[in-house]
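# Using only what follows, build the 3D model:
(one chain, ligands or ions: 3)
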Amino acid sequence: MKLWPIFAFCLLAQFASFNVLSDTKQNKTPTSFVFSQSMPKDGNLVLGIHANSELGSFGKEIDSRSNGGLTHAINATKFEAKPETSQLITAPKNSGFNQILLVGLGDKIKKLDNAQLHKIGGSAIQAAIKTFKNNIQMAFDLPIEQSANIAYGSKLGSYYFDKYYTDEERQKYQSTIQFITPEADNAKAFFKQNLDPVANAIWLSRDMSNEPANIIYPQSFVKRWKKHFKGLDNIKIKVLDEKDMLKKGMGAIYGVGRGSKRPPRMMIVEYMGGKRGDAPVALVGKGITFDTGGISIKGSNNMWNMKFDMSGAASAIGTIHALAGRNAKVNVVGIAALAENMPGANAQRPGDVVTSMSGKTIQIRSTDAEGRLVLADGVYYGDITYNPSLLVDLATLTGSASRALGKDYAAYFSRHDELAPLFIAMGKETGDEVWPLPLNDNHFKAIENDVADVMNSGPGAPGASAGAAFIGTFIRESTPWVHLDIAGVAWNEKSTPLKASPGSTSFGIQLLNGYIKEHFEDK
Ligand code: BES
Ligand code: MN
Ligand code: ZN
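Ligands and ions are numbered 1, 2, ... in the order given. You can find the predicted model right below:
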């Protein structure tokens, strides 16, 4: 009797038990641009104009083709050209175009900063997709860097997660955008070198966070990022599985992962684009691919949102992708501490004691305070393996941070006071804003425990600060360390100019890319 078909079936069935929907579909590829400096002849046009009928060279060309028709139309609609506003007009006769979407650039004398240019680009493309859908042509008579930043904002603003729509009409758009600007070659070069790699990394990270948890779990997170890193230089990827974790004594992340059929992973991506021997920056992200709360189970209201609980890990690895894409001259390592927090027969219980890689013991008070547990081993591993010049951890850690600061700021914590103004400033510059919350000795006292060295949550401990203190317990005090609690800002149910889909914001990539560029990169 032939047994192999039965054997093969059992093998397949084992995989099929959780790979019901396989990860073969792709979200659309990121928006791309063709830069040119000659005005298109027909179709529809998105046209940037300044206030007071300052038309710029492209507007003037349309005006002369149409015998003053553009000026006439602008005056007739009373369009004031304020930033982030637009106005659709029927294209003037003889201009060659069908419709023109006017996009406001504000007063010509006021120089727009990059964050404003991004929002203008994002809201322009969203309006353009809504009205024109495809074959979008945008003309902006702006200097090289400003044009490139408009394109960058358009790329972020055109992000949609619509891969699961089977009705093609529902898919928002699929297109390459014609971008017309006077110094097209230079704008293209600037864009490709500095901005496009960041926008690409943001698209990939958003996709990762927006995916449901039946598609992205620790192993598939690793697999997908590995694919995205193919072809980038100076990248080395290590992956620790549950056996490696046990060998290294990583009892904290192991304990979180043990309740799930999908085993935990630690993904380490080294990007060594800097000088040999320069200490790297370490970015460590909370990667809970789904947070049910575990045995301390959450209520069912909005539990579906907990597919975003790996957003810190997606931003940490995404930042490495952005830096590698820019060929940045810097050493950085990204660490994703990945686990699925499930209540299962083998799950850990409240009251259990686990031993972390650092040797410190932890009493589990709530299995729902799992992010700090996976990070305990993640940050310790990063700190002792790499002696980083700066260690930043990112985590959707507490509801408390999100209630305190809402959608505008990530909560910022550090023991190194001199870093706060630098991070606040970079937040303003990049749009990924942060605001400091306190971290003092009382917060460390609040997590002391009578059974083990520390506990993962405690009565009376202020939520966000106690979480920060817990993570800090596993990092040497001499290591410059910043904790970003991104629970409030990692996703947003509303669309914004920089994100057309509700869902992931990829918070942190712009902030850390900017911070590393300013403070660590060799120019
Ligand atoms: N992933 C959650 C935090 C969270 C809550 C993020 C809501 C975004 C929205 C985290 O693992 C958690 O459950 N935190 C608990 C900690 C508590 C048990 C100490 C919280 O904030 O309630
Ligand atoms: Mn939790
Ligand atoms: Zn969580």
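# residues in contact with the residue of the chain found nearest ligand 2?
Closest approach of the chain to ligand 2 (Cβ to the ion) occurs at Asp368, with a separation of 3.9 Å. No exception for glycine: its C-beta is placed from N, CA and C like everyone else's. Going by Cβ atoms under 8 Å, 6 or more residues apart in numbering, Asp368 touches Asp291, Gly293, Gly294, Ser296, Ile297, Lys298, Asn341.
# now these as JSON lines including distance to ligand 2, pLDDT and neighbour count?
Shown next, in JSON lines, are those (distance: Cβ to the ion, whole Å; pLDDT from 0 to 100; neighbours: other Cβ atoms under 10 Å):
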{"residue": "Asp291", "distance to ligand 2": "4", "pLDDT": "98", "neighbour count": "26"}
{"residue": "Gly293", "distance to ligand 2": "5", "pLDDT": "98", "neighbour count": "18"}
{"residue": "Gly294", "distance to ligand 2": "8", "pLDDT": "98", "neighbour count": "27"}
{"residue": "Ser296", "distance to ligand 2": "8", "pLDDT": "97", "neighbour count": "18"}
{"residue": "Ile297", "distance to ligand 2": "10", "pLDDT": "98", "neighbour count": "14"}
{"residue": "Lys298", "distance to ligand 2": "7", "pLDDT": "98", "neighbour count": "15"}
{"residue": "Asn341", "distance to ligand 2": "6", "pLDDT": "98", "neighbour count": "30"}
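# returning to that earlier point: check the gap between the residue of the chain closest to ligand 2 and Ser260 for me.
Going from Asp368 to Ser260 by Cβ to Cβ, to the nearest Å gives 14 Å.
# repeat for Gln126
Counting by Cβ to Cβ, the gap from Gln126 to Ser260 is 38 Å.
# how about the residues of the protein near ligand 1?
Within reach of ligand 1 by Cβ under 6 Å from any ligand atom, the chain has these residues: 291, 309, 366, 368-371, 396-400, 402, 457, 463, 487.
# Select from the residues you listed the one having the most neighbours.
Of all these, Gly371 has the most neighbours under the rule other Cβ atoms under 10 Å, reaching 32 neighbours.
# OK, contacts around the closest residue to that residue other than its chain neighbours?
Residue nearest to Gly371 in three dimensions, not counting chain neighbours: Lys286, with 4.4 Å by Cβ to Cβ, 6 or more residues apart in numbering. Each residue near Lys286 by Cβ under 8 Å, 6+ apart is listed here: 309-313, 337, 371, 374-375, 378, 393-397.
# Repeat that for Ala369.
Asn456, Ser457, Gly467, Phe470.
# Identify the residues contacting Ile62.
Met39, Leu45, Leu47, Leu55, Gly69, Leu70, Ala91, Pro92, Ser95, Phe97, Ile100.
# swap the cut-off to 7 Å and go again
For Ile62, the contacting residues are Leu70, Pro92, Ser95, by Cβ atoms under 7 Å, 6 or more residues apart in numbering.
# quick one: buried residues of the helix or strand containing it?
Using DSSP states H and E, the element containing Ile62 is helix 56-65. By 16 or more other Cβ atoms under 10 Å, the buried positions in helix 56-65 come out as Gly56, Phe58, Gly59, Glu61, Ile62, Asp63, Arg65.
# Around ligand 2, pick out the residues from this structure.
Neighbours of ligand 2 within the chain, by Cβ under 5 Å from the ion: Asp291, Asp368.
# low pLDDT regions in the chain?
For the chain, residues meeting the criterion pLDDT under 70 lie at 1-24.
# Closest residue of it to ligand 3?
Taking Cβ to the ion, the chain has Asp291 as its residue nearest ligand 3, at 3.7 Å.
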